[in-house]
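Asks: What follows is a predicted protein model with its sequence.
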Amino acid sequence: MKIKTPYLTLLTGAALGVVLLVASMLATPKAPASPVAAAPAPASSAAAQSSPASPTPTATAVANVPARANYAGEVKGGGASVAISIHRGQAIAYVCNGSVIEAWLKGTAAGGHLTMTGKGGARLSATYNFKRAVGHVIAHGIRYAFSAPAVHKPSGLYQAIAIVRGAKIKAGWIVLPDGTQVGSLESNADAAAPSATQAPMLDVTTGTAQDGDTVLVATPVSGVTGSGF
Amino acid sequence: MATQPHTAPPPPGRVDSGAVKLVVPSLIGALVALTLGVYGHLHNPTGYAINIAGFSSPGAVKSWLATGAFVLALVQVGSALVMYGKVPRIAAPSWIGGLHRWSGRIAFLLAVPVAVHCLYALGFQNYSTRVLVHSLLGCAFFGAFTIKMLILPKSDLPGWTLPALGALVFTALTGVWFTSAYWFFSTFGIRH
């Protein structure tokens, strides 16, 4: 029996799709779940309870929280942008209005909750899942609410650090999914309350920005790859 | 969808033989599109999938594969116009059917890895108009292509069926390409 060629085309495409999907599933690094869920003890005790319902909610809850993720978006009202990167329980965030208001924050991500702090009383609190991070951030005493979608390279957070005439300068850029970017540059990054100005435009293709006679080389801060952590 | 453009009511037997043959393929195609969309929505995007080495990012790989598929889709339209005798002063050469079939097959096979990456790593998303349109058209493209493949071997179909479905497939792919590869290249520059 001869299979008609259009059917063969469909079958070939479907087979290719399945092969690539399975290969991707095998190649995807296992997301380390929260330490509690990853430990073997709770798993065996859950099995010992012989209650089929009890492990399911745990598994679902863990599966809904990515171990590695990047988020970026405008704050409500559009006055600034925020970017958050999560990498195995650690989180780095940057909020920036493309001028003087900006803050770097660090903190932890666990069980879908983010708690982060930064210089000058900056604070961030949010919940996150595979799709977005939702919460608020306080920088320079201003409270911004946000709902930032998960983003993928080349969108996301970029950082450049350089020593110019003995002073540490630190620039940050947030590249949104639509390609727009905002960035600020701290010319005294080691100060307790760094002051910032508008950063030069980041060339996302080359990862560089020209600041006067200095070429700033930016690196992505990516929770997915671990770059910048 | 399967209504015939006949003005006079045709003999009952003719309606069945022509239009009924479209029903099952159309349902299967709709099911394909729906399945892709539902999977893309329910599956937790991993942000990761296997890819081709030598490119700067998955976005670049996909943009080039999609551009390849789009260029071949232009070949599809051109060769179809020649086959249907719509190009003045160009008679269909004997190899035009082969060109149409093989450019279509290759375009489809180029699009499959892109779709797998989209659905597995990124998922069906709606956070911007571009992304929503892309997600919808991406699912629609594979549904429409499935219908076209399923009805190709059937005879006795209304004459407008294949051109209409071909146009549908091409339109969907064009939309998919403009909302992804064109956006990628115009936003980040043409790079590999």
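Replies: Now that the structure is in, tell me what you want to look at. Residues are numbered from 1 along each chain as shown, chains lettered A, B, ... in the order given.
Asks: so which helix or strand takes in B:Gly98?
Replies: If you go by DSSP states H and E, B:Gly98 is part of helix B:96-117.
Asks: Could you chop chain A up by domain?
Replies: Chain A breaks down by automatic domain parsing into domains covering A:1-29, A:31-63, A:68-221.
Asks: Run through who's touching the helix holding B:Gly98.
Replies: Helix B:96-117 has contacts (C-beta atoms under 8 Å, 6 or more residues apart in numbering or on different chains) with A:5, A:9, A:12-13, A:16-17, A:20-21, A:24, B:36, B:49, B:51-52, B:58, B:61-62, B:65-66, B:68-69, B:72-73, B:75-76, B:79-80, B:82-83, B:138, B:141-142, B:145, B:173. Using the backbone N, CA and C atoms, a C-beta is placed for each residue, glycine as well.
Asks: Please check those and keep the buried ones.
Replies: A:9, A:13, A:17, A:20-21, A:24, B:36, B:49, B:51, B:58, B:61-62, B:65-66, B:68-69, B:72-73, B:75-76, B:79-80, B:82-83, B:138, B:141-142, B:145, B:173 (16 or more other C-beta atoms under 10 Å in any protein chain shown).
Asks: So which of those sit within helices?
Replies: Among the buried ones among the contacts of helix B:96-117, DSSP state H puts A:9, A:13, A:17, A:20-21, A:24, B:36, B:58, B:61-62, B:65-66, B:68-69, B:72-73, B:75-76, B:79-80, B:82-83, B:138, B:141-142, B:145, B:173 in helices.
Asks: so where's chain A shaky on pLDDT?
Replies: Within chain A, the ranges that satisfy pLDDT under 70 run A:1-2, A:29-64.
Asks: Spell out which parts of it neighbour chain B.
Replies: Counting by C-beta under 8 Å from any C-beta of the partner chain, the positions of chain A adjacent to chain B are A:4-7, A:9-10, A:12-13, A:16-17, A:20-21, A:23-25, A:27-29, A:31, A:63-64, A:66, A:68-70, A:73, A:130-132, A:149-150, A:152-154, A:177-179, A:204-205, A:224.
Asks: Kindly supply the ChimeraX command isolating those of those residues that are buried.
Replies: To isolate the buried ones among the residues of chain A next to chain B in ChimeraX, judged by 16+ other C-beta under 10 Å, type:
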select /A:6,9,10,13,17,20,21,24,31,66,68,69,70,73,130,131,132,149,150,152,153,154,177,204,224
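Asks: which ones among the residues of chain A next to chain B are found in strands?
Replies: Using DSSP state E, the subset of the residues of chain A next to chain B located in strands is A:Arg68, A:Ala69, A:Asn70, A:Gly73, A:Arg132, A:Pro149.
Asks: The strand or helix carrying A:Trp173 versus strand A:68-74: what angle between them?
Replies: Here A:Trp173 sits within strand A:167-175, counting by DSSP H and E. Here the directions of strand A:167-175 and strand A:68-74 differ by 80 degrees (axes from the mean of the first three to the mean of the last three C-alpha atoms, to 10 degrees).
Asks: Show me how far stretch B:77-89 is from its chain's centre.
Replies: Distance of stretch B:77-89 from the chain centroid (C-alpha atoms, centre = their mean, to the nearest Å) equals 20 Å.
Asks: Equivalent analysis for stretch B:39-54, please.
Replies: Stretch B:39-54 has its C-alpha centroid displaced from the chain centroid by 20 Å (C-alpha atoms, centre = their mean).
Asks: what's in contact with it?
Replies: With contacts defined as C-beta under 8 Å, 6+ apart, stretch B:39-54 is touched by A:20, A:23-24, A:27-29, A:31, A:63-64, A:66, A:68-70, A:130-131, A:150, A:152, A:224, B:58, B:61, B:113, B:116-124, B:135, B:139, B:192.
Asks: Now with 6 Å, please.
Replies: For stretch B:39-54, contacts defined as C-beta atoms under 6 Å, 6 or more residues apart in numbering or on different chains pick out A:23-24, A:27-28, A:130, A:224, B:58, B:61, B:117, B:119-124.
Asks: Can you tell me which of those lies closest to A:Ala167?
Replies: A:Ala167 lies nearest to A:Val224 out of those, by C-beta to C-beta, at 32.0 Å.
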